[in-house]
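In: Below is the structure, and that's it, no one-letter string:
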């Protein structure tokens with residue numbers, strides 16, 4: 001095994017050891033057994049005393065009532081049959097959510113939702129236990145979100161909040177806010193090994209040494225694959241996770257977790273459609289096969305909850321992150337440099353992120369109306385060093401940008417929850433976001449590079465109304481404003497351009513269980529964005545696109561005819577355009593998802609699913625089409641009892657059952673191959689989707 005693998009494994013083992021030591025220190029001395037009082041009419045002095053253990057109280061909690069028809073909670077069991085090792089796959093269970101990987105390996109996926117090509121996260125806010133995941137002013141793209149540091153089996157659920165209606169979620173949460181929630185413990189220890197096509201291997205272990213008052217969870221994952229590409233990806237990933245939670249006193253609960261990611265990979269990137277058509281390469285070939293990168297990320301997150309009184313609760317969350325990325329890409333091949341090629345190196349070095357969320361909640365009754373008031377304050381600091389370079393085969397030719405960024409923000413907010421009538425719930429609030437941008441140019445020989453400072457602010461307001469239920473049916477109305485921040489480099493280049501692009505959205509919907517064993521949802525929504533201006537980290541230029549508008553509907557159904565059988569389906573339709581009438585390139589127009597899952601009581605679980613993405617416009621003028629696809633997948637898991645409390649699980653997943661030729665990601669841009677005209681050729685450049693892929697394995701649970 002390579003030395004760097006051993007070093008990273010040793011780091012994770014040390015992390016787990018330190019966590020275990022913390023658990024040992026946190027364990028309480030067992031409480032003494034209390035004596036059972038004598039029964040009525042007995043002689044207390046002579047009756048024998050029977051010891052009874054004092055049981056910990058059992059807390060049964062239900063999810064809060066929904067505030068919109070598009071709000072969704074995905075429990076962990078709903079994605080246990082999904083392909084293993086890719087956290088982004090969970091998002092495909094969200095109606096209208098499209099996830100594409102346009103380089104492979106450890107690069108962040110490309111996200112599409114509600115008419116947004118959100119790139120790597122510009123208009124979708126991602127959180128883990130409410131810790132922000134998106135990166136500001138990233139070397140590759142604003143809001144860059146790489147989810148590979150999460151181990152899916154450590155997640156208890158995923159909360160989905162579409163639209164900018166939620167006062168707790170600020171930057172990037174325009175199309176949606178996605179909050180991944182971690183488990184406190186696993187009920188069984190797990191050791192798992194899996195393998196599949198192209199040398200894919202995955203090894204996983206989860207264990208919880210403590211499950212009582214103090215709860216612990218430790219997990220380690222090792223993943224490797226070459227992918228179907230002519231140039232093997234040699235993608236290697238190591239993940240570690242450690243969490244400790246429990247009471248500090250009768251009224252104070254706390255949790256703390258840490259995670260670590262290290263990965264490296266090679267990639268073929270996007271390839272021109274004409275190169276495959278003319279048989280210069282096959283669909284899994286490459287024009288530049290030295291693309292790829294390496295990354296690492298460390299997260300530390302703490303949560304303290306204090307029940308001050310029966311009606312008051314205070315909560316403080318604090319987090320710290322350290323991150324590095326070296327990314328090599330080539331989108332235009334030989335357009336700008338016909339000799340060496342156009343490969344660019346993007347380096348996000350020594351990024352440090354720190355932040356804090358504080359909330360104080362008070363529950364009261366005002367004029368006979370139950371009212372919950374929450375006051376909060378959020379603070380965040382990002383300090384990256386960002387470099388853009390011209391490279392060839394990952395060798396440096398020239399550094400084109402080297403800046404140090406200091407970006408901070410704070411946001412006070414106020415939220416009110418009230419139920420003035422049994423048939424009406426109100427959730428409303430407001431927040432203000434205040435940003436400070438500071439960029440320092442480290443290239444003295446290039447004074448035209450971004451440098452300067454700016455302060456910007458933006459208010460946001462939200463209102464959510466829920467009516468009913470009447471005949472097992474609820475109606476919802478939502479309105480709110482939100483925003484995504486732009487890259488600090490863009491802000492200081494032209495302070496007149498919007499630093500905080502505001503979104504205004506409306507939504508109406510219904511949820512109904514009027515039909516027995518059937519849940520129906522329907523949502524119609526609108527969203528306007530003042531500016532789609534983003535900083536293009538690929539070449540260091542501004543791309544102002546003007547104001548845009550979107551609207552669409554979502555329809556979902558879940559049928560459970562038997563306790564062991566569930567059918568889930570949804571379809572979405574979206575129109576996205578700029579105010580000048582041009583199309584928003586690559587915005588999904590029609591999506592659909594269908595899944596049939598059976599969980600038999602004798603140990604077998606199986607699912608068959610379909611996902612569909614319709615044709616989309618690839619350019620603003622609607623001349624080019626990014627073709628869609630329909631994919632079928634299947635998964636099964638069988639549990640067998642070996643004896644005692646030991647079980648063995650056998651599982652199998654098959655993606656792209658019909659082995660169709662499809663494109664996972666597509667772009668319409670100018671590129672140039674050797675021998676082509678100097679001005680290049682406008683063409684569809686795409687990343688091929690995987691052919692039929694089989695992955696299976698065994699897990700021992702004890």
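Out: Happy to help now that I have it. Keep in mind that what you see is a predicted model, and the values were worked out from it rather than measured.

In: any idea of the mean pLDDT in the helix or strand where residue 550 lies?
Out: In the assignment (DSSP states H and E), residue 550 maps to strand 548-562. The average pLDDT for strand 548-562 rounds to 96.

In: In that strand, which residues are buried?
Out: Applying a neighbour-count criterion of 16 or more other CB atoms under 10 Å, one finds 548, 549, 550, 551, 552, 554, 555, 556, 557, 558 buried in strand 548-562. (Glycine included, C-beta is placed from N, CA and C.)

In: Could you find which two of those are furthest from each other?
Out: Distance extremes for the buried residues of strand 548-562: the farthest pair is 548 and 558 at 32.2 Å, using CB to CB.

In: Can you give the contact residues for the strand holding residue 550?
Out: Residues from elsewhere that reach strand 548-562 (CB atoms under 8 Å, 6 or more residues apart in numbering): 70, 95-96, 114-116, 517-529, 532, 566-579, 584, 587.

In: Can you say which of those residues are buried?
Out: Among the contacts of strand 548-562, those that count as buried by neighbour count (16+ other CB under 10 Å) are 70, 95-96, 114-116, 519-523, 525, 527-529, 532, 566, 568-574, 576-578, 584, 587.

In: shaky segments in this structure?
Out: The chain contains residues with pLDDT under 70 at 1-64, 83-84, 533-544.

In: quick one: the helices in it?
Out: Residue ranges of the helices in the chain, as given by DSSP state H, are 3-26, 273-277, 488-493.

In: helices or strands next to the last one in the packing?
Out: Under the contact criterion of 3 or more CB pairs under 8 Å, 6 or more residues apart in numbering; DSSP states H and E, helix 488-493 touches strand 395-421, strand 424-441, strand 452-470, strand 534-536.

In: quick check, distance from stretch 136-150 to the centre of its chain.
Out: Stretch 136-150 has its C-alpha centroid displaced from the chain centroid by 10 Å (CA atoms, centre = their mean, to the nearest Å).

In: Quote the end-to-end distance of it.
Out: The first and final residues of stretch 136-150 sit 19 Å from each other (CA to CA, to the nearest Å).

In: For the stretch 501-650 of the chain, which segments are assigned as strands?
Out: All strands of the stretch 501-650 of the chain, identified by DSSP state E, counting those that start in this stretch, fall at 518-529, 534-536, 541-543, 548-562, 565-578, 590-599, 604-613, 616-617, 625-626, 629-643, 646-655.

In: got a markdown table for the ones you listed, with distance to residue 488 too?
Out: Output for the strands of the stretch 501-650 of the chain, formatted as a markdown table (distance: least, CB to CB, whole Å):
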| stretch | distance to residue 488 |
| --- | --- |
| strand 518-529 | 20 |
| strand 534-536 | 8 |
| strand 541-543 | 13 |
| strand 548-562 | 23 |
| strand 565-578 | 25 |
| strand 590-599 | 34 |
| strand 604-613 | 34 |
| strand 616-617 | 31 |
| strand 625-626 | 31 |
| strand 629-643 | 37 |
| strand 646-655 | 39 |
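
In: so which of the ones you listed gets nearest residue 205?
Out: Judging these by CB to CB, what sits closest to residue 205 is strand 646-655, at 13.8 Å.

In: The closest one to strand 629-643, inter-axis angle?
Out: Interaxial angle of strand 646-655 relative to strand 629-643 (axes from the mean of the first three to the mean of the last three CA atoms, to 10 degrees): 170 degrees.

In: What residues of strand 646-655 count as buried?
Out: Within strand 646-655, the residues scored as buried using 16+ other CB under 10 Å are 647, 649, 651, 652, 653, 654, 655.

In: and which of these is nearest residue 164?
Out: Nearest to residue 164 among the buried residues of strand 646-655, with distances taken as CB to CB, is residue 655, at 33.4 Å.

In: Setting aside sequence neighbours, what's the nearest residue to that closest one?
Out: Once flanking residues are discounted, residue 655 sits nearest to residue 693: 4.3 Å by CB to CB, 6 or more residues apart in numbering.

In: which ones are touching residue 640?
Out: Shown in contact with residue 640 (CB under 8 Å, 6+ apart): 603, 647, 648, 649, 650.

In: can you do 10 Å?
Out: With contacts defined as CB atoms under 10 Å, 6 or more residues apart in numbering, the neighbours of residue 640 are 603, 604, 646, 647, 648, 649, 650.

In: export those residues to a markdown table and tack on distance to residue 325?
Out: Shown next, in a markdown table, are the contacts of residue 640 (distance: CB to CB, whole Å):
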| residue | distance to residue 325 |
| --- | --- |
| 603 | 43 |
| 604 | 42 |
| 646 | 42 |
| 647 | 40 |
| 648 | 39 |
| 649 | 35 |
| 650 | 37 |
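
In: what two of those residues are the furthest from one another?
Out: Maximum pairwise distance among the contacts of residue 640 (CB to CB): 18.6 Å, between 604 and 646.

In: what's the burial count for the closest residue to residue 112 other than its chain neighbours?
Out: Of all residues not flanking residue 112 in the chain, residue 98 sits nearest, at 3.9 Å (CB to CB, 6+ apart). By the criterion of other CB atoms under 10 Å, residue 98 has 25 neighbours.

In: repeat for residue 420
Out: 14.

In: can you pull the contacts of it?
Out: Residues near residue 420 by CB under 10 Å, 6+ apart: 366, 367, 368, 369, 370, 371, 426.

In: List just the nearest of those residues to residue 382.
Out: Residue 382 has its nearest neighbour among the contacts of residue 420 in residue 426, at 34.9 Å by CB to CB.

In: thought that closest one was touching residue 419?
Out: Yes. Using CB atoms under 10 Å, residue 426 is in contact with residue 419, at 7.3 Å.

In: Residues that sit against both of these two, list them.
Out: Joint contacts of residue 426 and residue 419 (CB under 10 Å, 6+ apart) are 369, 371, 466.

In: Setting aside sequence neighbours, what's the nearest residue to the first one?
Out: If the residues on either side of it in the chain are set aside, residue 369 comes closest to residue 420, at 4.9 Å by CB to CB, 6+ apart.

In: what do you get for the second one?
Out: Spatially, and ignoring its direct neighbours in sequence, residue 371 is nearest to residue 418 (4.8 Å; CB to CB, 6+ apart).

In: Could you check how many residues crowd around the nearest residue to residue 400 once chain neighbours are set aside?
Out: Using CB to CB, 6+ apart and skipping the chain neighbours, the partner closest in space to residue 400 is residue 388 (4.9 Å). Residues near residue 388, counting by other CB under 10 Å, number 21.

In: circling back: which one of the strands of the stretch 501-650 of the chain lies closest to residue 221?
Out: strand 646-655 (15.6 Å).

In: Sheet partners, orientation included, of the closest one?
Out: Within its sheet, and counting by DSSP bridges, strand 646-655 is paired with strand 629-643 (antiparallel), strand 693-701 (antiparallel).

In: Include distance to residue 300 when you put the ones you listed into CSV, please.
Out: Output for these, formatted as CSV (distance: least, CB to CB, whole Å):
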stretch, distance to residue 300
strand 629-643, 33
strand 693-701, 29
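
In: any idea which of the ones you listed is most buried?
Out: The highest average neighbour count among these, using mean count of other CB atoms under 10 Å, belongs to strand 693-701 at a mean of 18.
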